[in-house]
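In: Show me the folded form of this:
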Amino acid sequence: MHVRTHDRHLPGVLALSIALVAGCSGNDSSGSADTGSVSTAAPVSEPAGTGAPGSTTATTGTTTKVEFEPTTLTMWAGVTDSEGVDAFRGIVDRCETDNPWLTIDYVGKDDMSTALSAAIEAGNPPDLVQADFSGELSGIDAGGLIEPIDDLFARDGLDWGAFVPGGKRLVDFNGRHFGLPLSLDSVGLFYNQDALTEAGIDAPPATFAELLAASEKLLVVNADGSIERVGFVPDVDGSYSLFLTQLFGATLFSDDGAKITITDTLDQWVAALQWQKQFYDLMDTDQFNRWADGLGSYDSADNFFITGQIPLYFEGSYFVTWPDRFGEGKPENWGVVPMPGPDGVADADQVSLIPSGNWFMIPTGVDNVDASWEAVKCMALASDEIAAFEKVYGNIPANVAALDTYEAAVVPEIPAIQTFIDLARSPAAKLPGSAVVVGALSDEITSLILDYRRGDLSDDDLRGALEDLQARYQDELDLELGN
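Out: A predicted model of the protein is given here:
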């Protein structure tokens, strides 16, 4: 989604709502009211070869297909800014053209988690959803909020090879799939080469040692102690602290979401947090906080990378469009490289961090699962239209054909996007783990990281604090799962 990545990594709202739903049974918005869905007609099975083109669902091993009467489906979507909505319309138009029986009523939702949980609990869900629920699949599974699509996927003879490996992992939890992927947010290290050259640095850092050395050279502190420029910090406000621990092999959850794994990878956690802290130790804590509080708006010409206040910056793929959109071509000489890891810059096929992504899904309780599936399937496979949409929106398509088209169209204009495309294609893509306590635990461990980097938590106390988190949240997780 075209929002700040750090706004996406703490999915606590849905995690809390899930508990309520399960217990019961049950940047400009294009629309905030729940419109509900127009009633959908039941499909009618007829002999193959009849009906309008594009109005069928193939059924593996049978000679019948599904015919639909004229149907309007309500789709709630996380794309809410006017430019994004206009671009997304091409995907909707394609699917309405290919399926003459289908009309899609597009409703933008800024607070998707809360709205969807409430709608399902009230028995009035939208017919399909496009959103980013990264890290929330365990809660979605436990709450029964979304229809698994494995049977439908197999019935129609689809192939996961149509999507990059990270796209499949985005919708996969504990052996089941809960939708079809739209896009991925891969991350890399942005650099302002003019600032590097001024500091005597010829090329962007390729190792942790080079990154620390560059941070020291790029740091500018005024005579009164105030900070004018920060070379590099893992994040400004906690947004990427958690993601970057994955570079060291630190994990939060087991694959099935049933176990907290902090102590299983405790050495990796400690190493990751000690590595992060050294960048903040270069500066006075109070002065850094004052500097960070004075940064300009993220999505404006006052953005800290555009103004040169942070010449080395770890960020998601969509930012490559922003110097032109907001900076009027500034910075003039910039690029992106994969984020160095403990052993240097790894090949994209070996290490690729994917903080989040967008996907299409079918909520539990829809009137007509077959009709919703046709719409989901069509939109996720509309490769040309997805490529055109992401050219505006700036994320990386998860559809392989769309990614090829996107690459051919965008790389000549923005060569730096190639880094993110290569990372998105990686067979080793790493995505956030998932458990029903993900929201609360992510909040608390991010707070712990911030306390540690400020010096409020000592090295001697760090291990104990992490072990305490493990014990408390494992007890909570066992309670949630009935163990």
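In: From Tyr280, how far off is Asp172?
Out: Asp172 is 36 Å from Tyr280, where distance means C-beta to C-beta, to the nearest Å. All C-beta spots, glycine's among them, are computed from the backbone N, C-alpha and C.
In: Please disregard the earlier target; I meant Ala348.
Out: Taking C-beta to C-beta as the measure, Ala348 falls 29 Å from Tyr280.
In: do the same with Asp156
Out: From Asp156 to Tyr280 the distance is 52 Å (C-beta to C-beta).
In: For the two, indicate the residue with more neighbours.
Out: More crowded of Asp156 and Tyr280, by other C-beta atoms under 10 Å: Tyr280, with 18 against 15.
In: That one - nearest residue in space that isn't next to it in sequence?
Out: Closest residue to Tyr280 apart from its sequence neighbours, by C-beta to C-beta, 6 or more residues apart in numbering: Arg453 at 4.8 Å.
In: Would you point out which residue is most central in the chain?
Out: Geometric centre of the chain, nearest residue: Ser356, 1.7 Å, by C-alpha atoms, centre = their mean.
In: re the thing from before, on contacts alone, who are the packing partners of whatever helix or strand the residue nearest to Tyr280 lives in?
Out: If you go by DSSP states H and E, Arg453 is part of helix 438-454. If you count contacts as 3 or more C-beta pairs under 8 Å, 6 or more residues apart in numbering; DSSP states H and E, helix 438-454 packs onto helix 12-24, helix 241-244, helix 266-280, helix 459-481.
In: pLDDT averaged over that helix, what's the number?
Out: Helix 438-454 carries an average pLDDT of 92.
In: try stretch 210-223
Out: 97.
In: Take that stretch, keep the C-alpha atoms, and write them as CSV.
Out: Only the C-alpha atoms of stretch 210-223 are listed here, as CSV (Å, rounded to 0.1, in the frame of the first residue of the first chain):
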residue,chain,number,x,y,z
GLU,A,210,31.3,0.4,5.9
LEU,A,211,27.8,1.4,6.9
LEU,A,212,29.0,2.5,10.4
ALA,A,213,32.0,4.3,9.0
ALA,A,214,29.8,6.2,6.5
SER,A,215,27.4,7.1,9.3
GLU,A,216,30.2,8.7,11.3
LYS,A,217,31.5,10.6,8.2
LEU,A,218,28.1,11.9,7.2
LEU,A,219,27.0,13.0,10.7
VAL,A,220,26.9,16.8,11.0
VAL,A,221,26.6,18.3,14.5
ASN,A,222,26.5,22.1,14.9
ALA,A,223,28.6,24.1,17.4
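In: residue ranges for the strands of the stretch 1-150 of the chain, please.
Out: Taking DSSP state E, counting those that start in this stretch, the strands of the stretch 1-150 of the chain run over residues 44-47, 64-67, 71-77, 102-108, 128-131.
In: strand partners of the third one, parallel vs antiparallel please.
Out: Read that as strand 71-77. Using DSSP bridges, strand 71-77 pairs in its sheet with strand 102-108 (parallel), strand 128-131 (parallel).
In: Verify the contact between Gly225 and Gln287 for me.
Out: Yes: look at Gly225 against Gln287 with C-beta atoms under 8 Å: they come within range, at 5.7 Å.
In: Tell me which of these two has more neighbours.
Out: Just comparing Gly225 and Gln287: by other C-beta under 10 Å the higher neighbour count belongs to Gln287, 15 against 11.
In: any idea how far the more buried one is from Leu182?
Out: For Gln287, the distance to Leu182 - C-beta to C-beta - is 42 Å.
In: Chain neighbours aside, what residue packs nearest to Asn174?
Out: That would be Asp256: by C-beta to C-beta, 6+ apart, it lies 5.0 Å from Asn174.
In: can you check Asp194 too?
Out: Of all residues beyond its chain neighbours, the one nearest Asp194 is Asn333 (4.8 Å), with distances taken as C-beta to C-beta, 6+ apart.
In: Torsion angles phi and psi at that neighbour?
Out: Per-residue torsions, Asn333: phi -130, psi 90 (degrees, to the nearest 10).
In: wouldn't it be in contact with Gln193 here?
Out: Yes: at 4.4 Å, Asn333 counts as touching Gln193 under the criterion of C-beta under 8 Å.
In: coming back round to it: closest one to Thr71 among the strands paired with strand 71-77?
Out: When those are compared by C-beta to C-beta, strand 102-108 sits nearest Thr71, at 6.0 Å.
In: For the stretch 51-200 of the chain, give me the ranges with low pLDDT.
Out: Low-confidence segments of the stretch 51-200 of the chain (pLDDT under 70): 51-66.
In: so how far is the first residue of stretch 353-362 from its last?
Out: Stretch 353-362 has an end-to-end distance of 27 Å (C-alpha to C-alpha, to the nearest Å).
In: Over to stretch 407-423?
Out: 13 Å.
In: Rounded mean pLDDT for that stretch, please.
Out: The model assigns stretch 407-423 a mean pLDDT of 94.
In: what does that stretch contact?
Out: By C-beta atoms under 8 Å, 6 or more residues apart in numbering, the residues outside stretch 407-423 that reach it are 186-188, 317, 320-321, 334-338, 348, 352-354, 387, 391, 396, 403, 406, 429.
In: Among those residues, which ones are in strands?
Out: Counting by DSSP state E, these place 187-188, 334-337, 352-353, 396, 429 in strands.
In: hang on, the earlier thing: looking at Asn333 and Gln193, which one has more neighbours?
Out: Gln193 (17 against 12).
In: contacting residues for the more buried one?
Out: Contacts of Gln193 by C-beta under 8 Å, 6+ apart are 204, 333-335.
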